[in-house]
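J.: Below are the sequence and a predicted model for it; my questions follow.
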Amino acid sequence: MASNAAQSPVQTPKTKNTRLLIISDTHSQKLFPSTHSHHAFREPLPKADVLLHTGDLTMIGKLHEYEKTIEMLASIDAELKLVIAGNHDISLDEQFYKTDGKRMHRYDYDDMMPYKAKHMWKDQAKQKGITYLEEGMHEFELKSGVKFKVYASPYQPEFCDWAFPYEHDEDRFNPTSECLDGAKSIVQNPVPDFPEVDVMMTHGPPYRILDQVVRGKEYVGCPHLLRAAYRAKPRLHCFGHIHEGWGARRATWKEKAPKGTPKSVYDESVLTAEDVEVDPAKASREMAVYVDLSDSGPGPLKLGEETLMVNSSIMSVSFKPVQAPWLVDLELPCPG
């Protein structure tokens, strides 16, 4: 017999507008003095609740380079500062350093370098309010009551024989049952399904999203990562790695995506992908490109339907620090 009792309405999760400052690929670059008004990457960068740095902290993973980056990050005004490594931070990839460190560091090679580098980020950086993230899920709470979950990973498809690589047919983000056709699962820390991830921080970009290189106009992002982003549908996915891919794109997901192949995953997963317009002069004045996706903004993000994708590489393809940080207002969960 059917019940006449009225069903309870679905509860909308409580959220709070949270400001995130996003940078990547700083390669030991210090902030320019405030008088250098033609550089967006200058003192003082905008205040934020959360700072996200998505890797390539250095040029080649030497300790003095890490020290410069820690000093730069410590100067930024943010309650929470989260950092991952990138392919240039070779001494933070212990396995890679064992096989290739001598080739790349030459006379500066030190078989204890991975330990020293990790200690620097786990201890010295932590003392200055900077949190270094290993691959996997992490949860954080802000003074505002916001509690949010981050999936982090420094890995990307093999690219010019640098650190944190995996082969192009290897999938380190999806459980075996969710792998694309022909992919070999090497997953250790799979990306959870929606709604478990609020923010994804990866060094490399997903396939066909802000990942096109100048030479040959080739897409070099990871299709397996795109598959994982589709499953997770985070509010924000930020990355770097491909300097010339700098920008932001608002992706709308299709309702149901078949697993498909690496070459078809974009068309099967992404309904639309709209570039965020940038005013370079304004970005230089304000030291960031501002995007308002909060509930009080002009176009609130649709949770579970959209993801803001941000390639926040500060360096251009010629390694000039001419690209602006991104400043994003976003609703994050506030259970209290």
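T.: Perfect, thanks for sending it.

J.: Please enumerate residues in contact with stretch 252-270?
T.: 168, 178-183, 207-209, 223-224, 226-227, 230, 233, 251, 271-274, 302, 305-307 (Cβ atoms under 8 Å, 6 or more residues apart in numbering). (Glycine included, C-beta is placed from N, CA and C.)

J.: Which of these fall in helices?
T.: 223-224, 226-227, 230 (DSSP state H).

J.: Arrange these in TSV, one row each, with neighbour count, pLDDT and distance to Ser144 as further columns.
T.: TSV is the format used below for the ones in helices among the contacts of stretch 252-270 (neighbours: other Cβ atoms under 10 Å; pLDDT from 0 to 100; distance: Cβ to Cβ, whole Å):
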residue	neighbour count	pLDDT	distance to Ser144
Pro223	24	97	37
His224	30	98	35
Leu226	28	98	32
Arg227	28	97	33
Tyr230	25	98	30
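
J.: List buried residues within the contacts of stretch 252-270.
T.: Listed as buried from those are 178-180, 183, 207-209, 223-224, 226-227, 230, 233, 251, 306-307; burial here means 16 or more other Cβ atoms under 10 Å.

J.: low pLDDT regions in the protein?
T.: The model of the chain has pLDDT under 70 over residues 1-12.

J.: mind redoing it with 50?
T.: For the chain, the stretches with pLDDT under 50 are 1-10.

J.: How about the contacts made by Cys169?
T.: Actually, residue 169 is Asp. It isn't Cys. 182-184.

J.: Next, the buried residues of stretch 156-170.
T.: Buried residues in stretch 156-170, counting neighbours by 16+ other Cβ under 10 Å, are found at 156-157, 159, 162-166, 170.

J.: Convert that stretch to CSV, retaining C-alpha atoms only.
T.: Provided in CSV are the C-alpha atoms of stretch 156-170 (Å, rounded to 0.1, in the frame of the first residue of the first chain):
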residue,chain,number,x,y,z
GLN,A,156,51.3,13.7,-15.4
PRO,A,157,51.9,11.7,-18.6
GLU,A,158,55.6,11.3,-19.4
PHE,A,159,56.7,14.6,-20.8
CYS,A,160,60.3,15.3,-21.9
ASP,A,161,61.8,12.9,-19.3
TRP,A,162,61.1,14.8,-16.1
ALA,A,163,59.7,13.8,-12.7
PHE,A,164,56.4,12.3,-11.6
PRO,A,165,55.7,10.5,-14.9
TYR,A,166,53.5,7.7,-16.0
GLU,A,167,53.1,6.2,-19.4
HIS,A,168,50.3,7.5,-21.7
ASP,A,169,48.4,4.2,-21.6
GLU,A,170,48.6,4.0,-17.8
